[in-house]
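Undergrad: return atomic coordinates for the entry below.
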Amino acid sequence: MSSPSKRREMDLMKLMMSDYKVEMINDGMQEFHVDFNGPSDSPYHGGVWRIRVELPDAYPYKSPSIGFVNKIYHPNVDEMSGSVCLDVINQTWSPMFDPLNGDAAALMMRDRAAYEQKVKEYCEKYAKPEDIGAAMEEKSSDEELSEDEYASSDDAVAGHADP
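TA: A predicted model of the protein is given here:
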């Protein structure tokens, strides 16, 4: 059997050769971003998301840490942090697992049409190709810019609306 580091390299190489856009975060092979489109047969169709993936030293024996960089409305994704519920990674998904977004889970179970409409609204608002870059800038600027600089950077981003 191959070592965990060889498995990590092999899995990462497969991912990089796929149709997904993969960007390494640091020089190592443990942290990277993956951009992907919402499935065409779902309310997420038309959305583009960036996830941050961190492979633990014990990968593949321990699950990767995965989080959305831009917002998504889903029962098993924390709306504020973008964290993904580990049950989603380790098992077949169901809204019955401990949802990180209880409002989304309840709406999905109670009123599927309203849930899908809210998903589409989030796609429009947060999941366009240009939103991936904006979400990245916002997360890094929270730490790097003063309030005055941050306000002026928001104005610049707001000026680039789609025609």
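
Undergrad: in this structure, which residue is closest to the centre?
TA: The C-alpha lying nearest the average C-alpha coordinate of the chain belongs to residue 68 (Cα atoms, centre = their mean; 2.1 Å).

Undergrad: distance of that one relative to residue 13?
TA: 24 Å (Cβ to Cβ, to the nearest Å). In this view, the C-beta of every residue, glycine as well, is placed from N, C-alpha and C.

Undergrad: residue 57 now?
TA: Taking Cβ to Cβ, one finds residue 57 at 19 Å from residue 13.

Undergrad: what of residue 115?
TA: Noted for residue 115: a distance of 37 Å to residue 13, by Cβ to Cβ.

Undergrad: who's more crowded, the two?
TA: Between residue 115 and residue 13, counted using other Cβ atoms under 10 Å, the more crowded position is residue 115 (22 against 12).

Undergrad: what sits closest to residue 7 if chain neighbours are left out?
TA: Excluding the flanking residues, the one nearest residue 7 by Cβ to Cβ, 6 or more residues apart in numbering is residue 60, at 5.1 Å.

Undergrad: same thing with residue 129?
TA: In space, residue 129 comes closest to residue 48 once its chain neighbours are excluded; the distance is 5.1 Å by Cβ to Cβ, 6+ apart.

Undergrad: need the contact list for the residue nearest to residue 7.
TA: The neighbours of residue 60, taking Cβ atoms under 8 Å, 6 or more residues apart in numbering as the test, are 4, 7, 8, 11.

Undergrad: now do the phi/psi pair for the last one.
TA: Note on residue 11: backbone dihedrals following degrees, to the nearest 10 are phi -60, psi -40.

Undergrad: now do the same contact list for it.
TA: The contact partners of residue 11, by Cβ under 8 Å, 6+ apart, come to residue 60.

Undergrad: which residues in the chain form helices?
TA: All helices of the chain, identified by DSSP state H, fall at 4-16, 86-90, 102-110, 112-126, 129-144, 147-158.

Undergrad: comparing those helices, which yields the minimum mean pLDDT?
TA: Ranked by mean pLDDT, the helices of the chain end with helix 147-158 at the bottom, a mean of 36.
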